[in-house]
Structure formats: C-alpha cells, structure tokens
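[1] build me a structure from this.
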Amino acid sequence: MKEILLVEDDDVQAFLVERAFRRAGVANPIERVSDGQEALDLLRLSPDGLPSLLLLDLKMPRLTGFEVLEAIRADGRTCGLPVVIVTSSDSPADRERAARKGVVGYLLKPCDPEQIRCVVPRELFLSETDPEPGP
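    The predicted structure is shown next:
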C-alpha cells in the first residue's frame with residue numbers, strides 16, 4: 001500500500017490531519033515532512049516512487065505550498081501526482097489558484113472526515129473487510 005505524504009510544519013495540525021484521515025477510513029500510511037523544501041527533496045530523491053497522494057499546507061517556511069505545487073506540476077515525473085490542499089485559508093483567491101494547478105481537493109483545517117471522504121480518491125479508503133482505523 002503506497003503512502004500518503006503530508007507536508008505540514010505544525011506538529012499539532014499534523015496530528016489532527018492524520019487523526020481525521022484515519023477517522024475517515026483512509027488506510028494508507030501517512031509520512032510527514034515539515035516544509036516544502038523537504039517535500040520536494042523527498043519526491044525528487046525517493047527510490048520507491050511517488051506517494052499515492054500529497055497533502056499540502058499552503059503557509060509554510062522555506063517554500064510555500066503554492067511554490068511546491070508549481071514545482072511539482074513543472075516536473076514530468078511528479079506532474080500527475082494527486083494533491084489535496086489542507087489549509088486554514090478559506091480565501092477564494094487561494095482556492096481558485098489551487099484549482100488552476102489541478103488539485104483534487106481543498107480541505108480546511110480542522111479537517112472533517114466527511115469532507116475527506118468527498119475529496120480523497122476512493123481507492124485510499126478501507127474496504128468493508130478491513131479492520132477499523134485507530135484513533
């Protein structure tokens with residue numbers, strides 16, 4: 001099962017995002033990096049291929065989420081990577097900019113499991129026969 005990469009600089013927010021995804025029934029393991037540069041380095045250097053999904057905060061040190069998104073979309077290896085924005089920004093301009101970059105979803109923090117089920121690709125969820133996710 002391929003992992004999900006979470007790019008989030010705040011420890012508490014990262015915990016809350018991971019917990020919401022588990023409660024939503026997302027089965028894939030979640031790996032976290034703390035900033036945009038770390039995310040790009042990992043994506044470029046990973047010998048195991050790309051994650052199944054990138055969860056990307058917009059407001060981070062070093063590189064913003066939009067800078068990461070632009071770099072991902074400009075790279076032939078990563079341009080098709082599914083990205084979900086996970087942010088506190090409810091700005092229509094941010095939503096529109098993200099949509100123009102082809103994100104598959106835009107979630108506001110704190111994430112709600114129902115919202116997650118609406119935007120995350122179905123193949124990442126537990127099947128009916130899988131055990132329930134932890135807390």
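
[2] give the buried residues for stretch 23-32.
    When burial is assessed from 16 or more other Cβ atoms under 10 Å, stretch 23-32 yields the following buried residues: Arg23, Ala24, Gly25, Val26, Ala27, Asn28, Ile30, Arg32. Every residue, glycine included, has its C-beta placed from N, CA and C.

[3] quick one: the most centrally placed residue in the chain from Gly76, how far?
    Nearest to the centroid of the C-alpha atoms of the chain, with distances taken as Cα atoms, centre = their mean, sits Leu55, at 0.8 Å. Distance of Leu55 to Gly76, computed by Cβ to Cβ, to the nearest Å: 22 Å.

[4] so which residues of the chain form helices?
    11-24, 36-45, 65-74, 92-100, 113-119 (DSSP state H).

[5] export the first one to PDB, keeping only CA atoms.
    These are the backbone C-alpha positions of helix 11-24, laid out as PDB (Å, rounded to 0.1, in the frame of the first residue of the first chain):
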ATOM      1  CA  ASP A  11       3.000  19.400  14.900                       C
ATOM      2  CA  VAL A  12      -0.500  19.800  16.400                       C
ATOM      3  CA  GLN A  13      -2.100  20.400  13.000                       C
ATOM      4  CA  ALA A  14      -0.200  17.300  11.600                       C
ATOM      5  CA  PHE A  15      -1.600  15.200  14.400                       C
ATOM      6  CA  LEU A  16      -5.100  16.500  13.800                       C
ATOM      7  CA  VAL A  17      -4.900  15.900  10.000                       C
ATOM      8  CA  GLU A  18      -3.600  12.400  10.400                       C
ATOM      9  CA  ARG A  19      -6.400  11.600  13.000                       C
ATOM     10  CA  ALA A  20      -9.100  13.000  10.700                       C
ATOM     11  CA  PHE A  21      -7.800  10.800   7.800                       C
ATOM     12  CA  ARG A  22      -7.900   7.700  10.000                       C
ATOM     13  CA  ARG A  23     -11.400   8.500  11.200                       C
ATOM     14  CA  ALA A  24     -12.400   9.000   7.600                       C
END
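
[6] what's it packed up against?
    Judged by 3 or more Cβ pairs under 8 Å, 6 or more residues apart in numbering; DSSP states H and E, helix 11-24 is in contact with strand 4-7, strand 30-33, helix 113-119.
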